[in-house]
Structure formats: C-alpha cells, structure tokens
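Colleague: I would like the atomic coordinates for the input below:
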Amino acid sequence: MRGAAWIWVTLVWLGCGTGKSEPVNGGEDSGVEPSDADTDTDTDTDTDTDADTDADPDWSELDEAVLAQMAAGWIPGLGVAVIADGEVLLARGYGWADVEGEVPVTADTPFMLASISKTFTGTAIMQAVESGAMGLDDPIQDLLPFEVDNPHTEGEIITIRHLMTHTSGIRDRWAIWGELGEPDALYTYGDSEIALGTVLEGYLVPGGEWYDEHNYADALPGTEYRYGNMATALAGHLLQTVTGVPLDDHSDAEIFGPLGLEHTGWHLADHDPAQVAIPYSNAGGSYTAYGHYGYPDYPDGQLRSSAADMARYLLAYDLGGAVDGVRILSEDSVDQMFTRQMLDVEPDQGLFWYWSTEYGSALIGHGGGDYGVATSMYLNPDTGVGTVVLANVDWTARTSGAISTIESILFELGRAQ
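Modeller: Reported below is the predicted structural model:
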C-alpha cells in the first residue's frame, strides 16, 4: 500500500486478484496497432517542453518493447514519460484505462499516483516556507488547533521537517484504513466525505474515533525512521491551519494552474471519471476492477495525474523550480528538498523526495503503490534525464520486473539524446 511506497519500485509486493481476461491494447492478438493506443506529448499547453517540433519521431521500437513488457507483466494500462536536455522528450500512453469499456490510455490519462503525491504536498509546503508563513523547524504544536502529544515520550517537539522526513514519531496503524468496501474503513469508493482535519484530530488526539497509543512510536522526533502517511497528511493540513487555504485549493492555484497541469487533481471530483485509469488487480493476465476510491488523508497519496503532466512537473524540478518562465519554487527550495536530511537515521531521505541507486546512477524521486496502482518518478540530477511510469495495476513480482525493465529502457533513451 502507500506505506511501502518509499521502497524502490522493483522491491515492492502488493499482491494481486482475479478477474476476466482481456488483451493489452496494442499487444498480441488485440487487433490494435500501437499507434492506436498511444499518444505523443502534444497537449493543449503551448510550451517549449515538447521535443516533437517539425515531425514526430519514430517511437516504434520503444512501443514494441513497452508492449512486450506490459504483456509479460500483466499490466492493463501504462503512461510513460521521459525528460532530457531540459525538455519533455516524450509522453505516451499504452493499453487500456478501462479494460471492459476499451478506453485507451493516452498521455493525458490521469492515473492515481499513490505516494508520489507526497512530493506535491512537499512542494506546497516549501511554497509556504518561501512566503514566510512557516519554517521547516517550526514546532507543529504552535500551528495546530489541537494537541499532538506522543504518549510514550516526554517533552517531544515535532517540527515540519520531522513530518517531511518520516521521523516525527507518528505511526500508521493500518487497521483503520481497512479493506476497500469494508464498513467503517477509511478507504471508500469515490471521494471520502470525512474532512482531512477531522480524521487527523480523530487519529492523533486521545478520545478520537481512530485514536490509539500505537498511533505513536516509542521514539523522540528525529531519532527513528517510520515511513508515514498520517504524518504526511498532517503536514498537508498545516498549510490550511497556517494560511487558511486547504492544500487542494492551494495546489490548484499555485502548482497545477501555473504549470498548466490540466489533468491533475487531488480528488476524483476534479476529473471526468470516465477518462481516469481504473485501478485493477491481476492474476494470470486477468483483470478485476477495484473501482475509483479515496480516503480522507488525501495529501499522502490520492493525487491523480497524467504522464504528460508529470513530465512537466518533473521538468520543473530538474530546471531548478521553473519551466517556461513559470517558477513554482526557488532553486534553494529544490536543493533543500533533494538534500539528504537525516544522515544518522535514514541517509537517503530528502524532504519527501528520496535517493536510490539504480541503473548505475544515483536517482532522486518517489514511487507509489496502492490498490491497482504502481507508479514511479525518478530523476538523475547529474544528467537531467528523468522518467515517469504510471500503471493501473497492483504491484506484484511480475509487474515490478516489467516496470523496472521499462524504466531502464526509458533512461537509456534519455541518455542517448
């Protein structure tokens, strides 16, 4: 689930389900050529990030390789993107956003991102830091309308930096999320009707509906690493308690709008559900739809975005916080987010972003996993090559191997430019 998402994507296992069999769009026996199932980066946004200028390049070899890995990995739908040389090299879609309805994936198809969403929450927080509304080392207790007190420690001071590095001492107790469709589970079909502040107070304050002393670790802030969704959600909520503007509204105005991310939004209500990639379980190449779902702690994983939008977002980070004259962060803020923060606790952790060595290089980025969600976004800051892979299927050993191979192909394609 979202709790395992920091682990490098080739190591994640989330299980699989059963369902009826459908061929991958553009794959063997589908009767659909790859050109019918994919799209390049031409979007409604007129920018210089599209590398396809005079003529569309021939991506037939890439298409063949990606479709082969999708078939091997039992992946129904896939969005991919590559940035290189300071621009978007490609953004393409393959397979089905809706298997039964035969809705193809395009570069503009929104996929649930799972924990990649945390980097957007971090972006919004750093914007507030730049404005002077808050500081990374501000105690969160000074900013909240309710008390956050770890019952296992005395005199602890939790800061925003602790929340952004998963060292706050706040733990995820997975039982409260339950299984999708269960009564009283936080997972729910569609968007949750529970407010972000309500679930956080109910989880962190004694007497709350979801409170338990095991919601906290027996550790002082900054001394123990525990990947945290509720801690991330709390960081996102601080934006509202400090500025009066909720994270979703702030993101629309200060991130999505300025960057021209027209297929990105925190809630299902922000999208046309018929165009959103449906999450699937798989077993033996058979797919069962989970349906569209959500949860009240949305800042930790509920963002949906497309390959084309994610390419532009990653490009902004590669270029120091700005693209096409639009700046969302200062270069210093980008540097801080990429800087390893807790060397003695978790040396690969930045501010929500984290480091991993793969494909022979040190990469910065994030992965994501949830019901029917397998995503990755990684950047080599030394070369400026970055990749995005979005899949609407569970992480399994088979899926992981296929996505790892696709990522390797994409990085090689970027390095060749």
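Colleague: quick one: Glu154 is in a strand?
Modeller: No - counting by DSSP: H, G, I helix; E, B strand; the rest coil, Glu154 is not part of a strand but coil.
Colleague: Same question for stretch 67-75: list its buried residues.
Modeller: 67-71, 73-75 (16 or more other C-beta atoms under 10 Å). All C-beta atoms are positioned from the backbone trio N, CA, C, and that covers glycine.
Colleague: Please, where are all the strands along the stretch 201-350 of the chain?
Modeller: Taking DSSP state E, counting those that start in this stretch to define them, one finds strands in the stretch 201-350 of the chain at 280-283, 286-289, 293-294, 304-305, 322-323, 326-327.
Colleague: got the ones you listed as JSON lines, with mean neighbour count and distance to Met342 columns?
Modeller: Putting those into JSON lines (neighbours: other C-beta atoms under 10 Å; distance: least, C-beta to C-beta, whole Å) gives the following:
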{"stretch": "strand 280-283", "mean neighbour count": "22", "distance to Met342": "35"}
{"stretch": "strand 286-289", "mean neighbour count": "20", "distance to Met342": "40"}
{"stretch": "strand 293-294", "mean neighbour count": "22", "distance to Met342": "31"}
{"stretch": "strand 304-305", "mean neighbour count": "28", "distance to Met342": "28"}
{"stretch": "strand 322-323", "mean neighbour count": "22", "distance to Met342": "28"}
{"stretch": "strand 326-327", "mean neighbour count": "14", "distance to Met342": "28"}
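Colleague: mean confidence score for stretch 305-317?
Modeller: Stretch 305-317 carries an average pLDDT of 98.
Colleague: Out of the strands of the stretch 201-350 of the chain, flag the one nearest His366.
Modeller: The minimum distance between His366 and these falls on strand 304-305, with 12.6 Å, by C-beta to C-beta.
Colleague: who does the closest one touch, helix- and strand-wise?
Modeller: With contacts taken as 3 or more C-beta pairs under 8 Å, 6 or more residues apart in numbering; DSSP states H and E, strand 304-305 sits against strand 111-112.
Colleague: Show the average pLDDT along the strand it packs on.
Modeller: Strand 111-112 comes out with an average pLDDT of 98.
Colleague: mean confidence score for the longest strand seen in the chain?
Modeller: The longest strand of the chain (DSSP state E) is strand 87-98. Per-residue pLDDT over strand 87-98 has a mean of 98.
Colleague: What helices and strands are in contact with it?
Modeller: Where contact means 3+ C-beta pairs under 8 Å, 6+ apart, strand 87-98 is packed against helix 34-37, helix 60-73, strand 77-84, strand 103-104, helix 307-318, helix 397-415.
Colleague: got a list of what Pro206 touches?
Modeller: Pro206 makes contact with Pro151, according to C-beta atoms under 8 Å, 6 or more residues apart in numbering.
Colleague: which other residues reach the strand or helix carrying Thr121?
Modeller: Taking DSSP states H and E as the criterion, Thr121 maps to helix 117-131. For helix 117-131, contacts defined as C-beta under 8 Å, 6+ apart pick out 134-136, 160, 164, 232, 235-236, 238-239, 242-243, 247, 250-251, 254-255, 266, 298-303, 313, 328-330, 333, 336-337, 351-353, 365-366, 368, 377.
Colleague: Can you tell me which of those are buried?
Modeller: Among the contacts of helix 117-131, those classed as buried by 16+ other C-beta under 10 Å are 134, 136, 160, 164, 232, 235-236, 238-239, 242-243, 247, 250-251, 254-255, 266, 298-303, 313, 328-330, 333, 336-337, 351-353, 365-366, 368, 377.
Colleague: out of those, which are inside helices?
Modeller: Among those, the ones falling in helices (DSSP state H) are 160, 164, 232, 235-236, 238-239, 242-243, 247, 250-251, 313, 333, 336-337.
Colleague: any idea whether Ser356 is helix, strand or coil?
Modeller: Under the three-state scheme (three-state DSSP), Ser356 adopts strand.
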